[in-house]
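**Student:** After the sequence you'll find the predicted model.
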Amino acid sequence: MRNDRLQYILKICFLVAIEAIFCFTPLGSVPIGPIVATLSAVPVIIASLTFGAYAGMFLGFVFGLFSFIVWTFVMPAHPMAFIFTPFGEFTEYKGNVGSLIICFLPRILVGLTPALTMKLLHGNESVSHMVIASVIGSLTNTVLVLTFIALFFGHQYSTIMGMGILTILGTTVLTNGIPEAIVAGIVCPLVTRVIKKL
């Protein structure tokens, strides 16, 4: 029993370490033609598929925490920092409580939706079901982050980007959201199956 618990803790720590690498180094970005897909949601989805919703949501919180650290301390001067941290500001725009919601809530829910999807698929751990759950998990982050940005900072974001908020949202989904979902749909089921066999 203790050995199983130790293995569980070690696997979670391994996923946290991978999350740190993806968040704090360029290894978390995968060029796909002219666009770049980020991998930060991948360990969260893997945790959700492997260990269930609670572990996934914990990794999602870690993802949010690392994002908060990056935008607050590593890239505080970035024009978009205020969207992800209440301590960020750009000209007259400043972050607020909405920044924390954007930074944490979508990432935590990324850890919930794959496990919930697998449950709705009657617990069948086939590769096809894991692909569906992984894609849904990745899109959870994209859709919720963009929705909250539009809700809390729509005018500011639109002004900085120099285009309408709907155009920005649609472009982001096409150039980031879909490629990231494809990467997650390929990588997460494969890694999950390997971890389950360890």
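**Tutor:** Sure, I can see it. For clarity, every value in this text was computed on a predicted model and none was experimentally measured.
**Student:** ok, now which ones touch residue 95?
**Tutor:** 81, 82, 83, 84, 85, 86, 87, 88, 89 (Cβ atoms under 8 Å, 6 or more residues apart in numbering). Bear in mind the C-beta positions are built from the backbone N, C-alpha and C, glycine included.
**Student:** What is the top helix by length along the chain packed up against?
**Tutor:** Longest helix of the chain, by residue count under DSSP state H: helix 127-161. In this structure, helix 127-161 packs against helix 42-51, helix 81-84, strand 93-94, helix 97-110, helix 113-120, helix 165-172, helix 178-197, with contacts taken as 3 or more Cβ pairs under 8 Å, 6 or more residues apart in numbering; DSSP states H and E.
**Student:** pLDDT (mean, whole number) over it?
**Tutor:** The pLDDT scores in helix 127-161 average 93.
**Student:** so residue 22 sits right up against residue 43, yeah?
**Tutor:** Yes - Residue 22 is within contact range of residue 43, at 7.0 Å (criterion: Cβ atoms under 8 Å).
**Student:** So these two - more neighbours on which side?
**Tutor:** The neighbour count for residue 22 versus residue 43, taken as other Cβ atoms under 10 Å, is higher for residue 43 (29 against 20).
**Student:** show me what contacts the more buried one?
**Tutor:** 15, 16, 18, 19, 22, 59, 63.
**Student:** what about this protein, any weak spots by pLDDT?
**Tutor:** 1, 30-36, 123 (pLDDT under 70).
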